[in-house]
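[1] what follows is a predicted protein model with its sequence.
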Amino acid sequence: MKLKKFLFVIVLLLCAYTTNAQKAKPFDPIKFEADLEQFIATQAGLTPQESSRFFPVYREMRNKQRAFFGADKLHRHVDVNDDRACAKAIMERDNNEISIKKIIRTYHNKFLEILPARKVLKVIKAEDDFHRRVLDRLFRSNKNR
């Protein structure tokens, strides 16, 4: 009888431990930005001087883009049975995407004033690669749950 109680307690503790170990870590935007910038600097081969000139402009671009990303979140609540509301949401999303592309073009030109074109292209590719890796990691961790 004591052995059964002891085994039951051990199993309970193991379950509690594995459940606790599987909890997702909360998203930390500051760490995400730092990791992104470190990845970009490494992949693009930026010197410390280039990084100190480039990243303030890069952050400025990301902040301007973020305003449009937030606006797109509002379209999640559109009544899909209301054609007028859907058409309006589509037009707003299209306008937001155009605005984001204009911001990107403007800042790519600014980047070219700071860095050689080959490094700007490496920055663009590194940013895409970083986001792809983060999503892959997220999907893999969710699959294992």
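    Received the coordinates, thanks.
[2] and Glu127, how many neighbours?
    If you count neighbours by other Cβ atoms under 10 Å, Glu127 ends up with 18. C-beta coordinates here come from the backbone N, C-alpha and C atoms, glycine included.
[3] so where does the nearest residue to Val120 once chain neighbours are set aside fall, helix or strand?
    Once flanking residues are discounted, Val120 sits nearest to Phe111: 4.7 Å by Cβ to Cβ, 6 or more residues apart in numbering. According to DSSP states H and E, Phe111 maps onto helix 83-114.
[4] which elements pack onto the helix or strand just after that helix?
    Heading C-terminal from helix 83-114, the first helix or strand you meet, by DSSP H and E, is helix 117-143. The contact analysis (3 or more Cβ pairs under 8 Å, 6 or more residues apart in numbering; DSSP states H and E) places helix 117-143 against helix 29-44, helix 48-73, helix 83-114.
[5] let me know the pLDDT of the residue nearest to Lys122 when sequence neighbours are not counted.
    Excluding the flanking residues, the one nearest Lys122 by Cβ to Cβ, 6+ apart is Ala44, at 3.8 Å. With respect to pLDDT, Ala44 has a value of 97.
[6] residues touching Ala44, list them.
    Contacts for Ala44 (Cβ atoms under 8 Å, 6 or more residues apart in numbering) come out as 115, 119, 122-123, 126.
[7] that one and His131, how far apart?
    15 Å (Cβ to Cβ, to the nearest Å).
[8] low pLDDT regions in this structure?
    Regions of the chain meeting the criterion pLDDT under 70 cover residues 1-24, 143-145.
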